[in-house]
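J.: structural data only, the sequence is not supplied:
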C-alpha cells in the first residue's frame with residue numbers, strides 16, 4: 001500500500017491511523033472513521049479502492065466536493081467519476097458505459113441518486129467492492145448537520161449485504177457514533193478515532209467591537225492568501241463582502257439567497273484562487289476541498305462547537321499554519337435564541353440551548369481553547385501549553401491600536417516577520433487595545449523556503465491549472481511548492497522525492513517545474529539539497545557557506561550523513577524496544593533527531 005501511496009499520491013508515509021484503517025477495509029470489514037478535517041480521511045478509502053477488484057461507491061453530500069475529489073484523483077492517474085444533477089444526459093450515458101466496461105475504480109454519487117431505480121439496477125449488476133459514506137454524521141438527528149435523505153442509506157446493507165461499508169466523519173459525539181452504526185446497520189465495525197488536535201491551527205477569540213477594522217488588519221497579514229469569513233445572515237454576508245471590495249480587496253458573498261448560478265460562480269472563483277475572500281453563511285464550505293485556506297473568521301459565534309470545529313477545519317488542510325479567529329459578544333446570543341425558539345419540539349429546543357451554552361462557555365473561559373475543544377469530543381489533552389491559542393500564548397500579544405493612537409506609536413519589545421510584539425507582563429494589552437490581540441504564528445522549518453522561487457512556481461501552477469480548468473491546488477499543493485523551493489530539485493529522481501509528487505504528476509508536470517527550478521538555481525547560483533529520509537532540512541545557502549554549515553552540524557552530530565550500518569540499525573531497534581526516548585538515542589548514536597525518527601518509522605516504530 002505504501003507503493004500505491006507514493007505512485008499515485010506522492011507521499012512516502014501514512015498519516016496516523018491510515019495504515020490500520022486501510023488494512024481493516026482490505027480485510028472487508030465494516031469501519032467507522034472519525035478523523036478531523038485535513039487528517040487524510042479520503043485516502044483511507046481511495047487507496048483500498050485502487051487495490052480492490054471492482055467499483056468503489058462513494059456517497060458524498062455536495063456536488064462541489066465530488067468535483068474536487070474527482071479532479072484530484074484524475075490528476076493523480078486514478079480513474080474516477082461522479083454522478084449528480086450537474087451532468088447532462090449525454091455525460092451521464094458516457095459514465096454508465098464506463099461503469100459497464102469496468103473502466104472506473106471510484107464513483108462519487110449524491111445520496112438522492114439511490115432513489116433512482118435505473119441507477120440502482122445498474123449498481124446491482126456492477127461489481128461493487130466497497131461502499132464509502134462521507135460526512136456520515138449527516139445521518140444522525142443528533143448531529144449538527146442532519147440530512148433526512150441520508151436515512152435512506154440504511155438500504156445499502158440490504159442491497160449489498162456482503163460489501164464492506166466505511167463511514168467517515170470529522171466530528172461525532174458518542175451519541176452520533178452510536179446513531180451512525182445503528183442507521184447504517186454496520187456489522188461489528190472497528191472504530192478508528194484519531195486525535196481531534198489540529199496543531200497547525202491557531203485559535204483566537206476577540207471581543208466583537210470595531211470588528212470590520214480588525215478584519216482588515218487580519219487580512220493584511222494574509223495578503224494574497226485564501227480566507228473565509230463566516231457571517232450570521234445573508235445581509236451580513238453581502239455587507240461585509242461589499243465593504244471589503246470598497247477597500248480594494250478581492251471578496252464575494254455566498255449564501256442561500258443567491259441563485260444557484262451565482263453561488264456556483266462565486267465558489268468556483270474562490271476555489272480557483274481568482275477571489276481571495278468569501279463572506280459566507282454556514283451554507284458554504286462543507287464540500288470544499290481547498291487545501292490552502294489560511295484564515296477563518298467567525299464574525300458571529302456559531303451555535304454549536306461541532307459546527308465551529310467543522311468550519312475551522314477548512315483552514316490549513318495541507319498541514320501548514322493557519323489562523324482561526326472568532327468574534328464574541330454576548331449580544332449575539334439573542335440571534336441564535338430567536339431560531340431556537342421557532343422549534344416546536346421541546347426536547348430539541350433544550351438540546352440546542354445546551355449546545356449554545358457550551359459555545360459561550362468556550363468563548364468566555366480562561367483555559368486553553370484547544371483543551372476545551374478536545375475534551376468536548378471526549379479526548380484528553382494533558383499538555384500544559386498548547387502553543388496555539390490566545391490563552392496559552394498570552395505572554396506575548398501582538399498589539400493593534402484600536403483607539404486614536406497609530407500602530408507605529410507602540411513601543412515594540414520584539415519583532416518577527418514585521419509583526420509587533422509587546423511584553424504583556426510590562427503593559428496591559430487589554431487596557432490599550434480594547435481586549436484585541438492576535439496570536440503569533442509559530443515558526444517552523446517550512447518557513448525557510450525561498451519565497452521568490454515559490455512565487456515563480458505558484459505562477460506556473462496557476463497557468464497549468466487554467467489550461468486544465470481545475471483549481472490550482474489540484475496540480476500541486478502549497479506544501480509541494482514549498483518543498484521544491486526548499487530543496488531545489490533539478491532532476492526527476494530528486495523531484496519524485498518531493499511530497500505530493502506521484503508518478504502521474506511527475507509525467508504530466510515534472511519537466512515544466514524542473515525548467516523553472518533549474519533556471520532559478522542557475523541565475524542565483526544556489527545549491528540543491530537532495531531530500532532523503534535521513535536528511536536534515538537545511539536552508540538553501542550559497543556554496544561559500546554550505547560546507548561551513550555542514551561542518552557545524554557534524555560537530556554536534558558526528559555521525560550525520562553517514563550511511564547506516566546493519567550493526568547500527570540493530571542497535572537502534574534494540575534501544576527503541578527498550579523504551580529509550582528519541583533524545584536518548586540521539587545522544588547514543590550521534591545523529592540528528594529527524595534522522596532517528598525517520599529511521600524508526602521505516603522499521604515500523606510508532607513515533608509520538
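T.: On my side now, so go ahead. Keep in mind that this is a model prediction, so the values were computed, not measured. Numbers count the residues shown, from 1 in each chain.
J.: go ahead and confirm residue 226 touches residue 296.
T.: No. With contact defined as Cβ atoms under 8 Å, residue 226 does not reach residue 296; the gap is 10.0 Å. (Each C-beta comes from the backbone N, C-alpha and C, glycine too.)
J.: report pLDDT for the most centrally placed residue in the chain.
T.: Central residue of the chain (Cα atoms, centre = their mean): residue 317, 1.5 Å from the mean position. Turning to residue 317, the model gives it a pLDDT of 88.
J.: nearest residue to it in space, ignoring adjacent ones along the chain?
T.: Counting by Cβ to Cβ, 6 or more residues apart in numbering, residue 317 lies nearest to residue 38, which is 3.9 Å off, once chain neighbours are set aside.
J.: and that neighbour, how many residues sit next to it?
T.: Residues near residue 38, counting by other Cβ atoms under 10 Å, number 20.
J.: so residue 118: helix, strand or coil?
T.: Look at residue 118: counting by DSSP: H, G, I helix; E, B strand; the rest coil, its state is helix.
J.: so, low pLDDT: which residues of the protein?
T.: 141-146, 283-288, 395-445, 526-550, 561, 606-608 (pLDDT under 70).
J.: against residue 232, how distant is residue 351?
T.: 20 Å (Cβ to Cβ, to the nearest Å).
J.: and what of residue 31?
T.: 37 Å.
J.: for residue 74, same thing?
T.: 38 Å.
J.: could you do residue 311 as well?
T.: 13 Å.
J.: show me which of those two is the more surrounded one.
T.: Set residue 311 next to residue 232 and count neighbours by other Cβ under 10 Å: residue 311 wins out with 22 against 18.
J.: tell me where the stretch 151-300 of the chain has helices.
T.: 155-159, 174-183, 211-220, 234-246, 260-271 (DSSP state H, counting those that start in this stretch).
J.: again, but for the stretch 501-608 of the chain
T.: Counting by DSSP H, counting those that start in this stretch, the helices of the stretch 501-608 of the chain are 503-524, 543-556, 566-577, 582-589, 593-602.
J.: pipe the ones you listed into CSV and attach mean neighbour count and distance to residue 464 per row.
T.: Formatted as CSV, the helices of the stretch 501-608 of the chain follow (neighbours: other Cβ atoms under 10 Å; distance: least, Cβ to Cβ, whole Å):
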stretch, mean neighbour count, distance to residue 464
helix 503-524, 16, 6
helix 543-556, 11, 32
helix 566-577, 13, 42
helix 582-589, 15, 40
helix 593-602, 18, 31
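J.: redo those helices as CSV? Include distance to residue 292.
T.: Putting the helices of the stretch 501-608 of the chain into CSV (distance: least, Cβ to Cβ, whole Å) gives the following:
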stretch, distance to residue 292
helix 503-524, 17
helix 543-556, 31
helix 566-577, 36
helix 582-589, 31
helix 593-602, 25
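J.: of all those helices, which one is nearest residue 384?
T.: Residue 384 lies closest, by Cβ to Cβ, to one member of the helices of the stretch 501-608 of the chain: helix 582-589, at 18.9 Å.
J.: for residue 42, give me its contacts.
T.: By Cβ atoms under 8 Å, 6 or more residues apart in numbering, the contact list for residue 42 reads 69, 134.
J.: quick check: which element contains it?
T.: Element membership for residue 42 (DSSP states H and E) is helix 41-51.
J.: tell me the angle the helix or strand just after that helix makes with helix 41-51.
T.: Downstream of helix 41-51, the first helix or strand assigned by DSSP H and E is strand 55-59. Strand 55-59 runs at 160 degrees relative to helix 41-51, counting by axes from the mean of the first three to the mean of the last three Cα atoms, to 10 degrees.
J.: angle of the next helix or strand after strand 55-59 against helix 260-271?
T.: As assigned by DSSP H and E, the chain's next helix or strand after strand 55-59 is helix 63-75. Computed by the same axes, to 10 degrees, the angle separating helix 63-75 from helix 260-271 equals 50 degrees.
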